[in-house]
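Visitor: mind looking at a prediction? Sequence and model below.
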Amino acid sequence: MAYPAGPENWEPGPKRRPAAPEPAALAAALLEEAVRLDREGRAAEAGERYRAIIGGSAQPDATFAEALRRLGVIHHRRNEPAAARDLCTRSFDVATALKNDRLAAEALNALAGFEMERGALDSAAEIYGRALALSGMSHEVRGRIEQNLGILANIHGDHAGALVHYSRALEACRGAGDERGAAYAYHNLGMVSADQQQWDQAEEYFQKSLQLADVLHDLRLRGLCLLNRAEVQLALQRYEQALRSAEEALGIFNELDLQLAKADAYKMLGMIFRETGRPALAESRLKTAVELAVATGAVLSEAEATRELALLCQMMGRNRDALALLTSSHRLFGQLHARVDLGDVAAKVEELETTYLAVVRDWGQSIESADSYTFGHCERVATHALAVGNELGLDDVDRTTIRIGAYLHDLGKVKVPHEILNKPGPLTPAEFEIVKNHPVWGLDLLAGIELPWDIKPIIRSHHERYDGSGYPDGLKGDAIPLAAQIICVVDVYDALTTTRSYRPSMTKEVAVATMEDCRHWWRPDVYQAFLRSI
């Protein structure tokens, strides 16, 4: 007889549950998710996954080594260098124990990057070399190392070498089917092309990088491409395109909370507004760029934004502000040069000094514009003073000091009443006493500005005479700075050989004969160098 199948007399067999995933498979899936989050700019969430892998691993394996390295990179981005270096060193040790050359090379690549960013360029180059040797047939890893060697070449100002490394990186990434690596290679090729002012080529590379960034949903790379393409568009005077690119880049960096990149975006917006005649907006954006750079400790970005703000002040005729900002920028670039930090600092300082000369020339000419008889005086004094400096064998620093001092030696004349400056006849003793104040007034106008060159003694002492009969301090002999004596002798020569409101110009011969009677005013070797120079 058949019994009904009821729960009271049915004995089920043991339940069959799905097999639990292996720990290694769970870790691999977690790593994949963490990498995705990291690329989306969600570093905090990615870090949690990397830590879960590291903490949950009973036996260090390849996934463990990769999690260590990637977590180290996150700590590096957070400006936590000790933790970053420790994690990547552990990653290298694990990879070496596993005899996994690819992962060992990846760890060394990260460590070399840390060295490069702290300015230890020789150490970085040595570690990159070791990484390249371990990369073997891994096109993907080789591509990343070549990218970084390109950056290292750029730091040294070797644009040709950078181009070679970036091209090799692109080839390696293509060989590996690594679209992300290729996207960054295109971006870097655009950067070095822009450095060489090959604007059309740079635009083409940035466009290719952008296309891949969109395919890969790499928001950070898209922002970088847009920002650097804005620089190209600005150089080509495509102002509206540049503005759209910079504004979109700023929106992306704001979304990803990338403060340093935001500083660079604000700098670009300030430059665009400056070039399109919107000074109030330009000043606001550039000041924000400086503030963000200071907050993130980015000395290079602060120096560059400060320089751009100085150029804006020059354009607006605010020469004193421009000079103060240039001085600040020069000091910052000096810090970078001492640290051998990122960027071709020597070239940037040279460019900055050219800007200095333009600002002081403008300021000097603005002073002269009050008197049509003396217009061009500072430029002529600078030219003659450099010729005397050459005769005396002065070095480049002294020559630059003299040139800037020549442009600004009469700065204090802006405080001399107009009717005295342009008086057609001889000055009264009282009027001359007022004029004699202009060296001191010139220093007052530079109060608070510590210039990279020692020009203040030139301004104060360019009317002192070797026999002690000059002003404002009555200095005598070698107590008068050499540069001030050079400016003094050529200043007198230019005054004699140009038409003034109170007398016609003299010929060179008559001027020299007149000065011969007063040669005791100048140090003998300076006077002889002056005679040879003319």
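Guide: Arrived safely, thanks for sending. As the structure is a prediction and not an experimental result, all values here were calculated from the model.
Visitor: Arg465 falls within a helix, correct?
Guide: No. Counting by DSSP: H, G, I helix; E, B strand; the rest coil, Arg465 is not part of a helix but coil.
Visitor: and for the nearest residue to it once chain neighbours are set aside, the neighbour number?
Guide: Leaving aside its chain neighbours, Arg465 sits nearest to Trp521 (4.2 Å; criterion: C-beta to C-beta, 6 or more residues apart in numbering). Where you see a C-beta, it was placed from the backbone N, CA and C, and this is true even at glycine. Neighbourhood size, Trp521 [other C-beta atoms under 10 Å]: 21.
Visitor: try Ser123
Guide: For Ser123, the count of nearby residues is 15 (other C-beta under 10 Å).
Visitor: hmm, back to that, quick one: residues contacting the residue nearest to Arg465.
Guide: Contact partners of Trp521, counting by C-beta atoms under 8 Å, 6 or more residues apart in numbering, are Arg465, Tyr466, Asp467, Ser469, Gly470, Cys488, Val489, Val492.
Visitor: mind running it again at 7 Å?
Guide: Arg465, Tyr466, Asp467 (C-beta atoms under 7 Å, 6 or more residues apart in numbering).
Visitor: which of the residues you listed are buried, as a PyMOL select command?
Guide: Buried residues within these, by 16 or more other C-beta atoms under 10 Å, are selected in PyMOL with:
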select buried, resi 465+466
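Visitor: quick one: the helices in the stretch 151-300 of the chain, in order.
Guide: In the stretch 151-300 of the chain, the segments counted as helices under DSSP state H, counting those that start in this stretch are 159-176, 179-195, 199-216, 219-235, 239-256, 259-275, 279-296, 299-315.
Visitor: related to what we said a few turns ago, adding distance to Glu106 and pLDDT, write the contacts of Trp521 out as TSV.
Guide: Formatted as TSV, the contacts of Trp521 follow (distance: C-beta to C-beta, whole Å; pLDDT from 0 to 100):
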residue	distance to Glu106	pLDDT
Arg465	71	94
Tyr466	70	94
Asp467	74	93
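Visitor: how much space between Leu496 and Arg523?
Guide: 19 Å (C-beta to C-beta, to the nearest Å).
Visitor: try Arg51
Guide: Applying C-beta to C-beta, the value for Arg51 to Arg523 is 72 Å.
Visitor: quick one on the thing from earlier: wait, which of the helices of the stretch 151-300 of the chain is closest to Leu427?
Guide: Leu427 lies closest, by C-beta to C-beta, to one member of those: helix 299-315, at 33.5 Å.
Visitor: now that closest one - C-alpha only, PDB.
Guide: Taking Å, rounded to 0.1, in the frame of the first residue of the first chain, the C-alpha atoms of helix 299-315 are listed here in PDB:
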ATOM      1  CA  VAL A 299      54.900  75.600  -5.500                       C
ATOM      2  CA  LEU A 300      55.200  75.300  -9.300                       C
ATOM      3  CA  SER A 301      51.500  76.100  -9.800                       C
ATOM      4  CA  GLU A 302      51.700  79.000  -7.300                       C
ATOM      5  CA  ALA A 303      54.800  80.400  -9.100                       C
ATOM      6  CA  GLU A 304      53.100  80.200 -12.500                       C
ATOM      7  CA  ALA A 305      49.800  81.700 -11.400                       C
ATOM      8  CA  THR A 306      51.600  84.500  -9.600                       C
ATOM      9  CA  ARG A 307      53.600  85.200 -12.800                       C
ATOM     10  CA  GLU A 308      50.300  85.400 -14.900                       C
ATOM     11  CA  LEU A 309      48.800  87.800 -12.300                       C
ATOM     12  CA  ALA A 310      51.900  90.000 -12.600                       C
ATOM     13  CA  LEU A 311      51.400  90.100 -16.400                       C
ATOM     14  CA  LEU A 312      47.800  91.200 -15.800                       C
ATOM     15  CA  CYS A 313      49.000  94.000 -13.500                       C
ATOM     16  CA  GLN A 314      51.500  95.100 -16.100                       C
ATOM     17  CA  MET A 315      48.800  95.200 -18.700                       C
END
